[in-house]
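*Asks:* missing the sequence, but the structure's below:
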């Protein structure tokens with residue numbers, strides 16, 4: 001038989017257990033997931049490459065994989081291969097090479113503080129560079145950089161003929177540094193490949209991500225700049241380029257840092273005349 005004091009102690013203990021059960025222990029407390037909301041920005045990927053470079057095909061294949069997917073963790077990617085010409089004298093002349101792309105890569109080398117250029121080099125929104133085949137690091141950079149606020153660009157196709165294409169371009173929410181930025185228009189072509197007969201890749205068939213065919217600076221007015229403007233662009237097209245494989249890209253690029261401040265892309269939608 002319990003004494004009066006023992007019974008009282010038992011009642012207190014039972015009450016304490018009941019209270020803890022109703023409240024729940026810290027381990028049993030429901031967890032609320034807190035998600036950070038980001039307005040992900042399109043990310044421009046520029047791969048400086050060459051068909052004469054034996055270490056470039058893996059980087060080309062990785063960029064093509066990203067282009068085929070179109071996104072990395074919900075961030076849109078805009079992929080461009082820029083074939084440099086300094087490999088052309090070493091056994092194989094890259095049919096897609098241009099000294100203009102070599103000069104562009106040299107500009108990036110200066111902005112990043114490098115002593116020289118190299119292939120394959122992947123530049124992510126003009127802000128980071130890395131070896132083009134470094135897939136894990138590239139994906140991390142894309143995700144991080146897509147969270148940086150940028151201008152919103154829209155590119156609309158008006159008309160495409162055998163020799164030219166006409167577009168309208170709108171820019172909104174541009175940062176103040178965009179006042180002195182360059183508005184650049186790129187024409188790229190998918191589905192290109194080569195059977196390499198000489199050089200470091202002799203005997204290989206190389207397939208490419210979208211290859212840069214032309215890059216043009218588009219004049220636009222920054223008078224009374226409020227972060228919003230509209231303009232138009234007409235660019236020339238080579239009749240040998242396959243219209244169904246063309247993609248048009250417009251982007252704002254800071255003149256000093258070379259940071260890409262916004263980008264947009266559009267495939268050919270107007271019928272060829």
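*Replies:* All right, it came through fine. From a predicted model like this one, the values you see are computed outputs, not experimental measurements.
*Asks:* can we go C-alpha only for contacts and neighbour counts from here?
*Replies:* Will do.
*Asks:* stretch 199-208 - what's its average pLDDT?
*Replies:* Mean pLDDT, stretch 199-208: 98.
*Asks:* span of it from start to end?
*Replies:* 18 Å (Cα to Cα, to the nearest Å).
*Asks:* how about that stretch, which residues are buried there?
*Replies:* Neighbour counts over stretch 199-208 (16 or more other Cα atoms under 10 Å) mark 199-201, 206-208 as buried.
*Asks:* between all of the residues you listed, which two are separated the most?
*Replies:* Farthest pair in the buried residues of stretch 199-208 (Cα to Cα) is 199 and 208. Separation: 17.8 Å.
*Asks:* could the buried residues of stretch 199-208 be laid out in JSON lines, adding secondary structure?
*Replies:* Converted to JSON lines, the buried residues of stretch 199-208 look like this (DSSP: H, G, I helix; E, B strand; the rest coil):
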{"residue": "199", "secondary structure": "coil"}
{"residue": "200", "secondary structure": "coil"}
{"residue": "201", "secondary structure": "coil"}
{"residue": "206", "secondary structure": "strand"}
{"residue": "207", "secondary structure": "strand"}
{"residue": "208", "secondary structure": "coil"}
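*Asks:* can I get the residues you listed in CSV including distance to residue 257?
*Replies:* Formatted as CSV, the buried residues of stretch 199-208 follow (distance: Cα to Cα, whole Å):
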residue, distance to residue 257
199, 36
200, 34
201, 35
206, 33
207, 32
208, 28
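*Asks:* and which of the residues you listed is nearest to residue 166?
*Replies:* residue 208 (26.2 Å).
*Asks:* for residue 61, see how far away that closest one is.
*Replies:* 7 Å.
*Asks:* with residue 217 instead?
*Replies:* In terms of Cα to Cα, residue 217 sits 29 Å off from residue 61.
*Asks:* and these two? Which one has more around it.
*Replies:* Per other Cα atoms under 10 Å, whichever of residue 217 and residue 61 has more neighbours is residue 61, with 17 against 14.
*Asks:* measure that one to residue 140 for me?
*Replies:* 18 Å.
*Asks:* got it, and residue 150?
*Replies:* From residue 150 to residue 140 the distance is 18 Å (Cα to Cα).
*Asks:* higher neighbour count, these two?
*Replies:* residue 150 (21 against 12).
*Asks:* my guess is that one meets residue 43, correct?
*Replies:* No: counting by Cα atoms under 8 Å, residue 150 stays clear of residue 43, with 10.1 Å between them.
*Asks:* neighbouring contacts of the helix or strand containing residue 186?
*Replies:* According to DSSP states H and E, residue 186 maps onto strand 182-189. Contact with strand 182-189 is made by 80, 210-220, 241-242, 245-255, as judged by Cα atoms under 8 Å, 6 or more residues apart in numbering.
*Asks:* just the buried residues of stretch 199-208 now: which is nearest residue 180?
*Replies:* Nearest member of the buried residues of stretch 199-208 to residue 180, counting by Cα to Cα, is residue 208, at 33.5 Å.
*Asks:* that closest one reaches residue 60, doesn't it?
*Replies:* Yes: counting by Cα under 8 Å, residue 208 touches residue 60, with 5.9 Å between them.
*Asks:* and for those two, which residues touch both?
*Replies:* Contact with both residue 208 and residue 60 is made by residues residue 81, according to Cα under 8 Å, 6+ apart.
*Asks:* show me the helices in this structure, by range?
*Replies:* Remark: helices assigned in the chain by DSSP state H are 4-23, 57-69, 99-112, 135-145.
*Asks:* would you single out the least confident of those helices?
*Replies:* helix 4-23 (a mean of 41).
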